[in-house]
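Asker: Give me a 3D structure for the following:
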Amino acid sequence: MPIRPRRAGRIGIHPTVDHAKQLLHEALELWQPLHDPEPERDDQNFIHPDNGKPYNDKAEDTHQLLVQLDRGVLTTYPLERIEDHEETTQQEADLPPVQETDRDQVFISYAHEDQVYLDQLQTMLAPLERSGALTAWSDTQLKAGDKWEEKIDAALAQAKVGVCLVSPDFLASDFIMNRELPALHEAAEKGELTLIWLALRPSMYGESVLNQYLAVHDPNEPLARMNSIDQESTLVAVSQQIKDALAR
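Answerer: Next up is the predicted model:
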């Protein structure tokens, strides 16, 4: 039974196609003597030994396949057309651009040893969150079973404001220094994010990229040295800066 063509197409330039052509060529050469065995001559007619009918001793079908294959054109077998690289590139160029994630949140970066200061800041931000003025994110929102690194990366990508609670433990954290802070700094360099930081305790912050950003208050007077009223006043200033940055 002849094979019905599904789609004609010219093979594009591709190393896999060349290999496939070679394999098909070898297969057809092996198949030809089975499909068209040596004829028996009877009164100058070529008779097929299986059905006793005259047939084409030149094996025209197979010959034509081999000719077409050598030319790089397959019109008998149901092979899909392989797109040219230039055509595929043009099609990709015509696709609509991928929309970036909107930055509309506050990302709070802190060391777990400084949880008490995170709690104080979140308490100060609570009225702004309740009014819908902002959405703050910290890793305290992670739940059991979450892919925590993916969640943190997603929150970083959505941040319009990054708040760093800086302490020796903050600067000693490999994850913060290798993942969170570089992402915040890069976004700030691109103008996509406002980076705000405050000193919790004395630290070597000058040895990090934070020395490029003005702190909310004098780092020589960290929160740990303040009384509770001064701490709250500083956190009010931080909260106002966050609100203003989100409004820009």
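Asker: Now the longest strand along the chain - C-alpha only, CSV.
Answerer: Ordering each strand of the chain by length in residues (DSSP state E) puts strand 159-166 first. What follows is strand 159-166, C-alpha atoms only, in CSV (Å, rounded to 0.1, in the frame of the first residue of the first chain):
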residue,chain,number,x,y,z
ALA,A,159,9.5,44.7,45.9
LYS,A,160,9.4,48.4,45.2
VAL,A,161,11.0,49.1,48.6
GLY,A,162,13.7,47.1,50.3
VAL,A,163,14.2,47.5,54.0
CYS,A,164,17.4,46.2,55.6
LEU,A,165,17.6,45.7,59.3
VAL,A,166,21.4,45.8,59.7
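Asker: Could you chop this protein up by domain?
Answerer: Following automatic domain parsing, one gets these domains for the chain: 9-94, 105-247.
Asker: Give the burial count for Glu26, as a bare number.
Answerer: When neighbours are counted by other C-beta atoms under 10 Å, Glu26 registers 10. In this view, the C-beta of every residue, glycine as well, is placed from N, C-alpha and C.
Asker: where's the residue nearest to Val209 when sequence neighbours are not counted relative to Ala126, distance?
Answerer: Once flanking residues are discounted, Val209 sits nearest to His185: 4.8 Å by C-beta to C-beta, 6 or more residues apart in numbering. Distance, His185 to Ala126, using C-beta to C-beta, to the nearest Å: 28 Å.
Asker: who's more crowded, those two?
Answerer: Using other C-beta under 10 Å as the criterion, His185 and Ala126 rank with His185 on top: 19 against 12.
Asker: quick one, phi psi at the more buried one?
Answerer: When read as degrees, to the nearest 10, the backbone of His185 gives phi -60, psi -40.
Asker: ok, now Ile108?
Answerer: Main-chain dihedrals, Ile108, degrees, to the nearest 10: phi -110, psi 120.
Asker: how far away is it from Asn220?
Answerer: 23 Å.
Asker: Taking strand 159-166 as reference, get the angle to the one helix or strand Glu129 maps to.
Answerer: For Glu129, the element it lies in under DSSP states H and E is helix 115-130. In terms of direction (axes from the mean of the first three to the mean of the last three C-alpha atoms, to 10 degrees), helix 115-130 departs from strand 159-166 by 150 degrees.
Asker: follow-up on the earlier one: partner strands of the longest strand of the chain and their direction?
Answerer: strand 105-109 (parallel), strand 194-199 (parallel) (DSSP bridges).
Asker: Tell me the helix or strand right after that strand.
Answerer: helix 168-172.
Asker: count of neighbours near Lys151?
Answerer: Residues lying near Lys151 (other C-beta under 10 Å) number 15.
Asker: What's the per-residue pLDDT of Thr62 here?
Answerer: The model reports Thr62 with a pLDDT of 59.
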